[in-house]
Every structure is written in C-alpha cells, then in structure tokens.
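**Student:** missing the sequence, but the structure's below:
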C-alpha cells in the first residue's frame, strides 16, 4: 500500500481553503466537539465538515481519516497501527537509513517490543539501491510486515526510487 504524504514541511503557505477553515475553527469552533452545549455542537459540525472534505479529497470514507497534531505523530501512530494490524503476517520492519526521525523511533520501539528491523543503507546522495532494499525484505527472519521508504527527503531533497523498490 502506498500512502501519500501531504506535509509541506513549513515550506508553503496554507491553501486558501485550508486558511478559511482554520479561521472558522478559531472563531467558531473553539469548544470541545465532544460536548453537547451549543458551542460544542458547532465545533462538532465544523470538525465533521473538515473531515468529510479531507476524506473526499484523498478518496476515503470520513471514518477512515484521522487528524493528528503533527506529521511526526501521524507517522508514529501509522507505523504502530500497521505493524499491529499485520502481526499475523510477520514482525519484520524494513526502512531506509534516512527516514524521518518518527519512523526511526517507531522502528526502535518495535525492536524493543520484540520485532525485527532492517535498516537499508544509502549512497552518498542519500538514495537507497532498490536491490539492497529488496534484499532486506527477503533477508527477514520471517515475513516482512511493513516496509517504509520516503518519496523524498524533506531536509536534502533526495528523491527515492520508490516504484523500483516496490517492484
């Protein structure tokens, strides 16, 4: 499964529609959306509308979309959830040496909990060799539950050969 990443890494302004939704949330949606009083119900309506719009934009049902406080939290939770969901398939995780720190920390937590992890080295440009990535998948002590490879490095801009690694 390929999961797109939509974080602009603080390098682009908010989209006008996102800015409008944020301002509405600040002005009218400041209450706890789990509460039944008027302001809480208004906050719930704004949250539900934002979830529906975001889900529609990425082609999923609203109940399949989770908002997190940051990209770091999303990565950590996503990896933990994927590994838990694939536990029957195996306990092996493969990642490149230059993944986001949240991926590296999630891998360390997985290993501390008894899972196995393979870190694929990169060349001088920060790029993995697809063959080395495939070898790490096959060299696992059991089936690989999850393989993580970023499309592009947010710090140096290296683009990874994701399609070739996936093949």
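**Tutor:** Good, I have the coordinates. Note that this is a predicted model, so its numbers are computed, not measured.
**Student:** is it true that residue 58 touches residue 66?
**Tutor:** No. Using Cβ atoms under 8 Å, residue 58 is not in contact with residue 66, being 11.8 Å away. Bear in mind the C-beta positions are built from the backbone N, C-alpha and C, glycine included.
**Student:** mind giving me the domain split of this structure?
**Tutor:** Domain assignment for the chain, taken from the TED database, gives 16-64, 71-166.
**Student:** okay, those domains, which one's buried deepest?
**Tutor:** Among the domains of the chain, the stretch with the highest mean neighbour count (mean count of other Cβ atoms under 10 Å) is domain 71-166, at a mean of 16.
**Student:** quick one: low-confidence ranges for the protein?
**Tutor:** 1-10, 140 (pLDDT under 70).
**Student:** which stretches of it form helices?
**Tutor:** With DSSP state H as the criterion, the chain has helices at 16-28, 38-58, 71-85, 101-112, 130-138, 162-166.
**Student:** gap between residue 83 and residue 92?
**Tutor:** Counting by Cβ to Cβ, to the nearest Å, the gap from residue 83 to residue 92 is 10 Å.
**Student:** hey, what's in contact with both of the two?
**Tutor:** Jointly contacting residue 83 and residue 92 under the rule Cβ atoms under 8 Å, 6 or more residues apart in numbering are 115, 145.
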